[in-house]
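Q: Have a look at this fold, sequence not included:
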């Protein structure tokens, strides 16, 4: 978390002194959040994607998000306690997609049965 900038005066969704803009970093990516008020809802149209190298790393990110008030979804997606969508994506799945053809098809079909991605199952699907 970086700087929090407070509203100098009242605004449609809040009062002077409320947090208006916050600077923060996610996985090394600088971000800015704007307090637009309750009329602006989060959706899957925006998500953070974390590429992982193995099951241990996949589990660590998944459990940190879901285990702290988040919610599981399908195909490697989950939401944190604020409703922000995350994709926890093992690199083996991305590599399968880049390979295309039958390898990609098998990997995607395996992924469609999962919530948190099972790296071993994706590797098995890739191999046929």
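A: Ah, there it is. The structure presented is a predicted model; accordingly, all values stated were derived computationally and were not measured.
Q: alpha carbons only for contacts and neighbour counts from here, please
A: Noted.
Q: Checking my notes, residue 62 in a strand, right?
A: No. Judged by DSSP: H, G, I helix; E, B strand; the rest coil, residue 62 forms no part of a strand; its state is helix.
Q: Which strand or helix spans the residue nearest to the spatial centre of the chain?
A: For the chain, residue 86 is the residue whose C-alpha lies nearest the centre (Cα atoms, centre = their mean; 1.2 Å). Here residue 86 is covered by strand 85-90, with elements defined by DSSP states H and E.
Q: Strand partners (parallel or antiparallel) of that strand?
A: Strand 85-90 has its sheet partners listed here by DSSP bridges as strand 47-52 (parallel), strand 77-79 (antiparallel).
Q: what's the average pLDDT for the last one?
A: Right, the one you point to is strand 77-79. For strand 77-79, mean pLDDT is 96.
Q: hmm, who's touching it?
A: The set of residues that contact strand 77-79 without belonging to it, under Cα atoms under 8 Å, 6 or more residues apart in numbering, is 62, 65-66, 70-73, 85-88, 115-116.
Q: what helices or strands is the lengthiest strand in the chain leaning on?
A: The longest strand of the chain (DSSP state E) is strand 19-26. When contacts are defined as 3 or more Cα pairs under 8 Å, 6 or more residues apart in numbering; DSSP states H and E, strand 19-26 sits against strand 4-6, strand 29-34.
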